[in-house]
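K.L.:
need a structure here:
(one chain, ligands or ions: 1)
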Amino acid sequence: MSVRILSTSPLVGNALQELGNTFPDLLIASFRSSDWDAALGSAEAIVVMLSEPVTESDIQAAPNLKAIGTYSVGVNHLPLSACDAKGIAIVNTPGVLTDSTADIAMALLLSVTRRMPEGEALVRSGAWRGWAPDQFLGISLAGKSCGILGSGPIGKAFARRVQAFGMDPMFWDREGCGGSVDYGSASAPRLALNDLLRRSHVLSLHCPLTDATRGLLDRNALLELPHGAVIINTARGGIIDETAAIELLESGHLGGAGLDVYANEPHLNPKWRSAPRTVLLPHLGSATVETRTAMSELLCDGIARAFRTFQ
Ligand code: DGY
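P.N.:
Next up is the predicted model:
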């Protein structure tokens, strides 16, 4: 079987089919299926999803590979050094999912702090007996501070959103350069991690998973947060020590968690399902028709560019 473009899934919109028309042959085969394995040897580009870790062995088994496209902005599931050494282009989808990911972080923050899933479940169950003064009391956002790990486009887009809700955003000073971050509508201070954590009523993660951020929020870091702090994670599960986070939710030190991402997706730690004051989404950050269509176009343009560069 000779295949030029090997994708593990169709993509939203027409871009992948059009790429296949321009550069035949395209095969869509599930990740690590026998068809995928058989086609890898001839593939010049592979397209994978963020849940499909590509290994150095895959690179060795694909001597014609010119590009790896991932239908995500995150590239933590790709063998970056091996690709770099072999001149294989990495094509991801930055920029086009900034607003939709910041939106889902904001949706999680509102859902957790206003206890929307509990309220919705009560109404839906038919057991609601009417308005009550102390029913499902939540936490107000206005006047609270929001620590943001990551001062890239998504972190800044989230800062604009929380500022609009009356919160004070602050960014992690990852490089130790001090000063402030201009996030579009205003600027916010850049603080050392522990300083940021101690002041964060809400902490939202918008940084990539790398060797430097894996396990960054361990138990000690989480204990620096004020009692009752809320964590929002739309970045990657591996940045948080999930066992510690679950225990701190159970103890009440953490006031809530809104999660779109988990370590080892989709096999999440089963304790998340019973952890108190949590809202759990199935990695929906970029999941709008407009965004996924734009991601497909960006990804396929990038692969076409890589093919032309290597021609
Ligand atoms: C990505 O594309 O890497 C994000 O996780 C989207 O949610």
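
K.L.:
From now on I want contacts and neighbour counts done on CA atoms only, so please keep to that.
P.N.:
OK.

K.L.:
Spell out which parts of the stretch 51-200 of the chain neighbour the ligand.
P.N.:
Ser72, Val73, Gly74, Thr101 (Cα under 6 Å from any ligand atom).

K.L.:
Report the two of those separated the most.
P.N.:
For those, the farthest-apart pair by Cα to Cα is Gly74 and Thr101; their separation is 12.1 Å.

K.L.:
With neighbour numbers in mind, choose between these two.
P.N.:
Per other Cα atoms under 10 Å, whichever of Gly74 and Thr101 has more neighbours is Thr101, with 26 against 19.

K.L.:
What values do phi and psi take at the most far-flung residue of the chain relative to its centre?
P.N.:
Residue farthest from the centre of the chain, counting by Cα atoms, centre = their mean, is Arg129 at 38.5 Å. Phi and psi for Arg129, reported as degrees, to the nearest 10, are phi -110, psi 10.

K.L.:
Low-confidence ranges, the stretch 201-311 of the chain, go.
P.N.:
For the stretch 201-311 of the chain, the stretches flagged by pLDDT under 70 are 311.

K.L.:
all helices of it, in order?
P.N.:
219-224, 242-251, 289-310 (DSSP state H, counting those that start in this stretch).

K.L.:
residues of the first one that come out buried?
P.N.:
When burial is assessed from 16 or more other Cα atoms under 10 Å, helix 219-224 yields the following buried residues: Arg219, Ala221, Leu222, Leu223, Glu224.

K.L.:
Could you check which residue of the stretch 151-300 of the chain lies nearest the ligand?
P.N.:
For the stretch 151-300 of the chain and the ligand, the shortest gap (Cα to the nearest ligand atom) falls at Gly285, measuring 3.5 Å.

K.L.:
three-state assignment of the residue nearest to that residue when sequence neighbours are not counted?
P.N.:
Nearest in space to Gly285, with sequence neighbours left out and distances taken as Cα to Cα, 6 or more residues apart in numbering, is Thr101 at 4.3 Å. Assigned state for Thr101: helix (three-state reduction, DSSP: H, G, I helix; E, B strand; the rest coil).

K.L.:
Hmm, Thr101 is touching Ala235, no?
P.N.:
No - using Cα atoms under 8 Å, Thr101 is not in contact with Ala235, being 9.0 Å away.

K.L.:
can you map out the strands along this structure?
P.N.:
According to DSSP state E, the chain carries its strands in the segments 5-7, 26-28, 45-48, 67-70, 89-91, 145-149, 168-172, 180-182, 187-191, 202-205, 229-233, 254-259, 278-280.

K.L.:
Mean neighbour count for these - can I get that in JSON lines?
P.N.:
Below are the strands of the chain laid out as JSON lines (neighbours: other Cα atoms under 10 Å):
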{"stretch": "strand 5-7", "mean neighbour count": "26"}
{"stretch": "strand 26-28", "mean neighbour count": "21"}
{"stretch": "strand 45-48", "mean neighbour count": "25"}
{"stretch": "strand 67-70", "mean neighbour count": "26"}
{"stretch": "strand 89-91", "mean neighbour count": "22"}
{"stretch": "strand 145-149", "mean neighbour count": "26"}
{"stretch": "strand 168-172", "mean neighbour count": "25"}
{"stretch": "strand 180-182", "mean neighbour count": "16"}
{"stretch": "strand 187-191", "mean neighbour count": "20"}
{"stretch": "strand 202-205", "mean neighbour count": "26"}
{"stretch": "strand 229-233", "mean neighbour count": "26"}
{"stretch": "strand 254-259", "mean neighbour count": "26"}
{"stretch": "strand 278-280", "mean neighbour count": "22"}
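
K.L.:
nearest to Ala39, of those?
P.N.:
Closest among these, using Cα to Cα: strand 5-7, at 7.1 Å.

K.L.:
Check which helices and strands the closest one is in contact with.
P.N.:
For strand 5-7, the packing partners by 3 or more Cα pairs under 8 Å, 6 or more residues apart in numbering; DSSP states H and E come out as strand 26-28, helix 34-40, strand 45-48.

K.L.:
For Gly150, find the nearest of those.
P.N.:
Here strand 45-48 is closest among these (Cα to Cα), at 24.8 Å.

K.L.:
Who are the packing partners of the closest one?
P.N.:
Short answer (3+ Cα pairs under 8 Å, 6+ apart): strand 45-48 packs on strand 5-7, strand 67-70.

K.L.:
among the ones you listed, which is nearest Ala257?
P.N.:
Short answer: strand 67-70, nearest of those by Cα to Cα, at 27.8 Å.

K.L.:
Dihedrals phi and psi, the residue of the stretch 1-150 of the chain found nearest the ligand?
P.N.:
For the stretch 1-150 of the chain and the ligand, the shortest gap (Cα to the nearest ligand atom) falls at Ser72, measuring 3.1 Å. Backbone geometry at Ser72, expressed as degrees, to the nearest 10, gives phi -170, psi 160.
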